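> Curious how this folds, go ahead:
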Amino acid sequence: MRNLLKSHLPDAETIRSNRWLAPFGNTLLHPRLWHLNRHSAAGAVAVGLFCGLIPGPFQMLGAAICCVLFRVNLPLALLSTLYTNPFTIVPLYLAAFGIGEWLIGSGSVFTPPPELGALPMSSWAGVLIDWMAGLGKPLALGLVAMAAALASTGYLVVRGLYRWHLIRAWRRRAIRRSQA
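Numbering: from 1, shown residues only. Below is the predicted model:
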């Protein structure tokens with residue numbers, strides 16, 4: 001699993017050679033941001049899933065800042081934020097609104113999402129932000145609750161997968177040793 005992830009994720013040298021990221025080289029080239037083990041992978045997935053629900057285009061920036069603070073794998077966290085996209089954001093926000101409404105316990109009035117088909121793609125962000133602002137407290141509380149649930153679930157799943165992979169490797173090694 002580790003080799004598969006390493007083959008698809010950028011390395012530290014790519015960041016070092018990028019002219020836009022060069023001023024942040026000392027911070028972004030910390031070894032723990034690029035090391036991939038069960039702790040950094042689980043933390044990175046949790047950070048990516050949590051920051052994926054940040055409204056607007058700030059998801060990857062939030063994930064990068066959290067990676068620097070918590071010293072987890074940066075490329076994997078950035079990759080983990082990609083579960084939100086123009087096709088999934090509205091259903092996720094509807095679910096978050098429902099969770100927030102359930103947590104608050106009030107019967108807030110839900111306004112349906114705006115029709116984006118007739119609008120140019122450049123104005124979608126502004127229209128969606130206005131719509132989300134009208135949803136208020138249930139949406140905000142639901143986003144935080146849903147992000148926390150996704151992050152903790154992602155963390156536990158990755159830790160479990162690493163544990164499962166490790167146990168299988170131990171068993172295969174034990175079988176090979178007993179046959180030899």
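> From here on, just use CA atoms for contacts and neighbour counts.
Will do.
> OK, contacts around the residue most central in space within the chain?
For the chain, the residue nearest the mean C-alpha position is residue 48 (2.0 Å; CA atoms, centre = their mean). Contacts for residue 48 (CA atoms under 8 Å, 6 or more residues apart in numbering) come out as 63, 76-81, 151.
> any chance of those residues in TSV, with neighbour count, pLDDT and distance to residue 159 too?
Listed next are the contacts of residue 48 as TSV, based on neighbours: other CA atoms under 10 Å; pLDDT from 0 to 100; distance: CA to CA, whole Å:
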residue	neighbour count	pLDDT	distance to residue 159
63	29	94	19
76	28	91	14
77	29	94	15
78	24	90	18
79	17	91	18
80	22	94	15
81	24	94	18
151	23	97	12
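> quick one: which of these is nearest residue 173?
residue 76 (28.8 Å; CA to CA).
> Look up how far residue 41 lies from that closest one.
Distance of residue 76 to residue 41, computed by CA to CA, to the nearest Å: 7 Å.
> Repeat that for residue 168.
19 Å.
> which residues of this structure fall in strands?
Counting by DSSP state E, one finds no strands in the chain.
> At which residues are the helices of it located?
Using DSSP state H, the helices found in the chain span residues 2-8, 12-17, 25-28, 38-51, 59-70, 74-80, 89-104, 124-135, 137-179.
> closest to residue 114 out of those helices?
Closest approach to residue 114 among the helices of the chain (CA to CA): helix 124-135, 7.2 Å.
> about what we covered before: turn the helices of the chain into TSV, columns for distance to residue 114.
Below are the helices of the chain laid out as TSV (distance: least, CA to CA, whole Å):
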stretch	distance to residue 114
helix 2-8	37
helix 12-17	39
helix 25-28	39
helix 38-51	24
helix 59-70	22
helix 74-80	27
helix 89-104	10
helix 124-135	7
helix 137-179	16
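> Could you point out which of those helices sits nearest residue 118?
helix 124-135 (10.2 Å).
> I would like the residues contacting stretch 55-73, please.
27-28, 32-36, 39-41, 43-44, 47-48, 51-54, 74, 77-78, 81, 125, 129.
> if we can go back for a sec, okay, the residue nearest to the centre of the chain and residue 140: tell me how far apart.
Distance from residue 48 to residue 140, by CA to CA: 18 Å.
> List only those of the contacts of stretch 55-73 flagged as buried.
28, 32-36, 40-41, 43-44, 47-48, 51-54, 74, 77-78, 81 (16 or more other CA atoms under 10 Å).
> mind checking how far stretch 59-71 is from the chain centre?
Relative to the mean C-alpha coordinate of its chain, stretch 59-71 is positioned 10 Å out (CA atoms, centre = their mean, to the nearest Å).
> Mind listing what's buried along that stretch?
For stretch 59-71, a neighbour-count test (16+ other CA under 10 Å) marks 59-60, 62-64, 66-68, 71 as buried.
> Using CSV, list the CA coordinates for that stretch.
C-alpha atoms of stretch 59-71 as CSV (Å, rounded to 0.1, in the frame of the first residue of the first chain):
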residue,chain,number,x,y,z
GLN,A,59,-9.9,23.2,1.3
MET,A,60,-6.4,22.5,0.2
LEU,A,61,-5.0,25.5,2.0
GLY,A,62,-6.7,24.5,5.2
ALA,A,63,-5.4,20.9,4.8
ALA,A,64,-1.8,22.2,4.1
ILE,A,65,-1.9,24.4,7.2
CYS,A,66,-3.2,21.5,9.3
CYS,A,67,-0.5,19.2,7.9
VAL,A,68,2.2,21.6,9.0
LEU,A,69,0.6,21.9,12.4
PHE,A,70,0.1,18.2,13.0
ARG,A,71,3.1,17.0,11.0
